[in-house]
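Asker: mind looking at a prediction? Sequence and model below.
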Amino acid sequence: MSEYPIRSSSNLLVAKGWLVLWGLTVATIALAAPKPTPAELRISSPCSESETWTVAPRLARTLPPEIRGFIKGLTAEPEAAIRAFADAFTFRQKAKSPADQLLGDYAIARSLNHAQVFGLAAELFDNIIQQPTSAAKAPIQIAAISCLGQIRRRYSAFAFSNAAMKRLPDFFKKGQPNKRELNILWYAVTEKFLMQIREYDKAPAKQRTKLAKGIEETLDRLKASPAHSALALGMWAAYRHKTRDAAAHLTKFVQAEGLTEALDAKRDSARLLLARSLYELGDFKGAVKHLELVDKRANELVQSLVYLASSQLMAADYPKAIGASLGLQSGSLKETFAPESLMVASMALNELCHFPESLAMVNKFKRQYQGTFFWLHERKKGGAKEKEPLYPMALAFLKGEKPKDLPKDELEDEAAEPPTPAGTVPVRVGSEWIRSPIFISKQESINHLFRTMRKLPKLMGLGRTVAKTEVRAIGQAKTELREKVQKARAALKPGEKLAATILEEANALRLREARQARLVYALPHFDRALTGYRSRASQWQGYLTNEIEKELRTLNTRMYSELTSVMENNELIEAEIWNGASQDIVWQNAHPEFKEMVKSGALRNDRSPTSAADVYDWGSAGQGLDGSEEVWEDEIGAIQANLQNDCANKEKYMKIQQGRR
């Protein structure tokens, strides 16, 4: 089954074909153009402003002028896409050879893509990919793969169908792809791999052996592209908990150079997965190295900071662990869901024998997440509000619709966080929702569908307006030309001919009339195509809304489980803190000089723990445990833990005291 079943059940353009869908009654006229040979047509930079068609001279002579100049006609003028559709549709209906027909289909889809009706364009591109291929047709189909891939990267709802994915091996065999086209195909094969992974994840155990075989075949196809292969093999190994293999493959990928734009966009996600693998292998310094390279603008930043703090804690680099943890308590990140960061900071402070600060972190967690915990508890499976719709609350949060009495996440005193008002969502839960890649991609698709629904009537109205305006303009031009010809003929002497400029003007008018005829002929079919898509778009909206609702419930389950785990760990940490603190009080009472020696710097290492090499440069204003800036912020505003290791200081103190004796 397709990942998005609505397309397979309602895509009339695919199921019925062009002739049945639009009820054509006109007779087709055979073109003189023969079937293109493999070298006669190539499409470079498909669906971009720099798209070009390279057509062999023989084919160029047989193609109509409007098709030879099709791409140049896709200007910024509002009616450009409609005129391009008319030219492409008329050409498609006259075409006899399979390659010409496919070129017409591509031109139709390309015009709709230019009009930003991406959903309908995606359906048509997918239909082009599904068609049986040949050496002449493959370049057109590979261009369609590129276009559909670009649409999918913007709006994930418009995915490749299973039928299209099955055609991919044929393009390698028959398409004679060049290097640029191979990159397009490898991207599509990677998409196929991701589809197979999702299907494998949802399948019962008895079906997984067969599905795993299909995944291995896809991975074998990717071997010719080292970068694509390394990414896919790394993901597959990580999925099967083969951590060492995952680390090896993902390391190759993140170190690769010259990646395509589409592949480079996956680098941060790969770094995160690599860091997790290295963490599991006990290579904490290696994990830190890759986590620090995650782009600070990336959506993965919050998760990477949590992993970074944990890795630094395990590597016994406690000041850096505290610094990374506190990075999630500052600026816009202060309202993100990251309970583990406070737990890590508490553990690191405890390891440095800063017991009051460590206990403050535990209490900070309780204040920040108490209300969030109870809100999630009510909505867990079996909870009092388990069936409460979440998507409307996510939209309200996204729009910033919060009541004035919505409680702050953290109170200035030690009081418990009051419950969140009905119909609202805690800020940390909401921020986690709207950062979800699934929520973002599907919501963007919904937004696009709404924009398209509003745009379609305007496009249809614009087509009719352009046709009427052009009729009047052509009539006026014909009248003016007729008068000009009459005057010119009256002035001609015996044997003289009409001026070349008049003949050129007459020829231009004939071409203009022909283009107007194509527009009038194609407009009813343009309207039917948009009207049909409009009904399918409404189905898409309902489907995507349900998918987002499922994702929000999954996120709630994960957050509730994470909070429960942190709470359990904090109980153990708190007991350890009190045990260490009580011993510390006894020890410091017995050694009253210790605090003065710490303050004076007599126990400090030669190399300060707050040197630039030891600090994770976050780059935004920090905040101390008491809300001040003086402990956690250096001169450039980078988060850092300006703490001495009091555990080590005690050892140094005792050695100094022993030396005095």
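Answerer: Happy to help now that I have it. Numbers count the residues shown, from 1 in each chain.
Asker: most remote residue from the protein's center?
Answerer: Farthest-out residue of the chain from its mean C-alpha position, per CA atoms, centre = their mean: Pro494, at 73.3 Å.
Asker: quick check: phi and psi on it?
Answerer: Note on Pro494: its backbone torsions stand at phi -50, psi 130 [degrees, to the nearest 10].
Asker: in the stretch 501-650 of the chain, which ranges drop under the pLDDT threshold?
Answerer: Within the stretch 501-650 of the chain, the ranges that satisfy pLDDT under 70 run 581, 584, 586-587, 589-591, 594-596, 598-650.
Asker: what segments of it are helices?
Answerer: 594-600, 646-660 (DSSP state H, counting those that start in this stretch).
Asker: and what of the stretch 251-400 of the chain?
Answerer: 261-264, 267-280, 284-291, 301-314, 318-327, 339-351, 355-378, 391-398.
Asker: from the ones you listed, which stretch is densest packed?
Answerer: helix 318-327 (a mean of 28; mean count of other CB atoms under 10 Å). Yep, even glycine has a C-beta here, placed from its N, CA and C like the rest.
Asker: so how far is it from its chain's centroid?
Answerer: With CA atoms, centre = their mean, to the nearest Å as the basis, helix 318-327 stands 29 Å off its chain's centre.
Asker: which helices and strands sit right next to that helix?
Answerer: With contacts defined as 3 or more CB pairs under 8 Å, 6 or more residues apart in numbering; DSSP states H and E, helix 318-327 has these neighbours: helix 301-314, helix 339-351.
Asker: okay, the angle between that helix and helix 339-351?
Answerer: Orientation check (axes from the mean of the first three to the mean of the last three CA atoms, to 10 degrees): helix 318-327 against helix 339-351 gives 150 degrees.
Asker: what's the mean pLDDT across stretch 128-137?
Answerer: Confidence over stretch 128-137 (mean pLDDT, whole number) is 93.
Asker: the chain should start at 841 in everything you say after this.
Answerer: Happy to do that; since the first residue is 841 now, the last one works out to stretch 968-977.
Asker: buried set for it?
Answerer: Ile968, Ile969, Gln970, Gln971, Thr973, Ser974, Ala975, Ala976, Lys977 (16 or more other CB atoms under 10 Å).
Asker: who wins for proximity to Tyr1400 among the helices of the stretch 1091-1240 of the chain?
Answerer: Smallest distance to Tyr1400 across the helices of the stretch 1091-1240 of the chain (CB to CB): 4.2 Å, for helix 1195-1218.
Asker: can you dump the C-alpha atoms of the closest one in CSV for me?
Answerer: C-alpha atoms of helix 1195-1218 as CSV (Å, rounded to 0.1, in the frame of the first residue of the first chain):
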residue,chain,number,x,y,z
PHE,A,1195,25.7,20.1,46.7
PRO,A,1196,23.4,23.1,47.3
GLU,A,1197,23.5,24.0,43.6
SER,A,1198,22.9,20.3,42.7
LEU,A,1199,19.8,20.2,44.9
ALA,A,1200,18.7,23.5,43.4
MET,A,1201,18.6,21.8,40.0
VAL,A,1202,16.4,19.0,41.3
ASN,A,1203,14.0,21.5,42.8
LYS,A,1204,14.1,23.6,39.6
PHE,A,1205,13.0,20.5,37.7
LYS,A,1206,10.1,20.0,40.1
ARG,A,1207,8.9,23.6,39.7
GLN,A,1208,9.3,23.7,35.9
TYR,A,1209,7.7,20.3,35.1
GLN,A,1210,5.1,19.6,37.8
GLY,A,1211,2.2,21.2,35.9
THR,A,1212,3.4,19.7,32.6
PHE,A,1213,3.5,16.2,34.2
PHE,A,1214,-0.1,16.4,35.6
TRP,A,1215,-1.3,17.7,32.2
LEU,A,1216,0.3,14.8,30.4
HIS,A,1217,-0.9,12.4,33.0
GLU,A,1218,-4.5,13.3,32.4
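Asker: quick one: that helix to chain centroid distance?
Answerer: So, by CA atoms, centre = their mean, the centroid of helix 1195-1218 is 32 Å from its chain's centroid.
Asker: helices or strands up against that helix?
Answerer: Going by 3+ CB pairs under 8 Å, 6+ apart, helix 1195-1218 lies up against helix 1179-1191, helix 1267-1275, helix 1340-1430.
Asker: which residues touch Ala983?
Answerer: Ile883, Pro886, Cys887, Tyr946, Ile1024 (CB atoms under 8 Å, 6 or more residues apart in numbering).
Asker: go with 7 Å
Answerer: Ala983 sits next to Ile883, Pro886, Tyr946 when contact means CB atoms under 7 Å, 6 or more residues apart in numbering.
Asker: what is the neighbour count of the first one?
Answerer: Think Ile883. A count of nearby residues for Ile883, using other CB atoms under 10 Å, gives 24.
Asker: skipping its backbone neighbours, what lies nearest it in space?
Answerer: Ala983 (3.9 Å; CB to CB, 6 or more residues apart in numbering).
Asker: now the one you found: which helix or strand?
Answerer: Here Ala983 sits within helix 978-994, counting by DSSP states H and E.
Asker: tell me the buried residues in that helix?
Answerer: So for helix 978-994, counting by 16+ other CB under 10 Å, buried means 978-992.
Asker: okay, now the unreliable bits of the stretch 1091-1240 of the chain?
Answerer: In the stretch 1091-1240 of the chain, no residues with pLDDT under 70.
Asker: try 80 this time
Answerer: Applying pLDDT under 80 to the stretch 1091-1240 of the chain flags the ranges 1170-1172, 1240.
Asker: what's the mean pLDDT across the helix or strand just after the helix holding Ala983?
Answerer: Counting by DSSP H and E, the element after helix 978-994 in chain order, helix or strand, is helix 1002-1006. Averaged across helix 1002-1006, the pLDDT comes to 94.
Asker: quick check: next helix or strand after helix 1002-1006?
Answerer: helix 1008-1014.
Asker: related to what we said a few turns ago, the helices of the stretch 1091-1240 of the chain: which one's closest to Thr1091?
Answerer: helix 1107-1120 (6.3 Å).
Asker: name the residues that touch the closest one?
Answerer: By CB under 7 Å, 6+ apart, helix 1107-1120 touches 1071, 1074-1075, 1078, 1083, 1086-1087, 1090-1091, 1093-1094, 1126-1127, 1130-1131, 1133-1135, 1138, 1140, 1143-1144, 1147, 1151.
Asker: one more time with 8 Å
Answerer: 1071, 1074-1075, 1078, 1083-1084, 1086-1087, 1090-1091, 1093-1094, 1099, 1124, 1126-1128, 1130-1131, 1133-1135, 1138, 1140, 1143-1144, 1147-1148, 1150-1151, 1154.
Asker: restricting to C-alpha, output it in CSV.
Answerer: Extracted in CSV, the C-alpha atoms of helix 1107-1120 (Å, rounded to 0.1, in the frame of the first residue of the first chain):
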residue,chain,number,x,y,z
ARG,A,1107,23.7,15.8,7.7
ASP,A,1108,22.6,17.2,11.1
SER,A,1109,20.2,14.3,11.6
ALA,A,1110,23.0,11.9,10.7
ARG,A,1111,25.3,13.6,13.2
LEU,A,1112,22.7,13.1,15.9
LEU,A,1113,22.2,9.4,15.0
LEU,A,1114,26.0,9.0,14.9
ALA,A,1115,26.5,10.6,18.3
ARG,A,1116,23.9,8.2,19.8
SER,A,1117,25.8,5.3,18.3
LEU,A,1118,29.1,6.5,19.7
TYR,A,1119,27.5,7.1,23.1
GLU,A,1120,26.3,3.5,23.2
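Asker: buried residues in stretch 1057-1073?
Answerer: For stretch 1057-1073, the neighbour count (16+ other CB under 10 Å) marks Thr1058, Leu1059, Arg1061, Leu1062, Ser1065, Ala1067, His1068, Ser1069, Ala1070, Leu1071, Ala1072, Leu1073 as buried.
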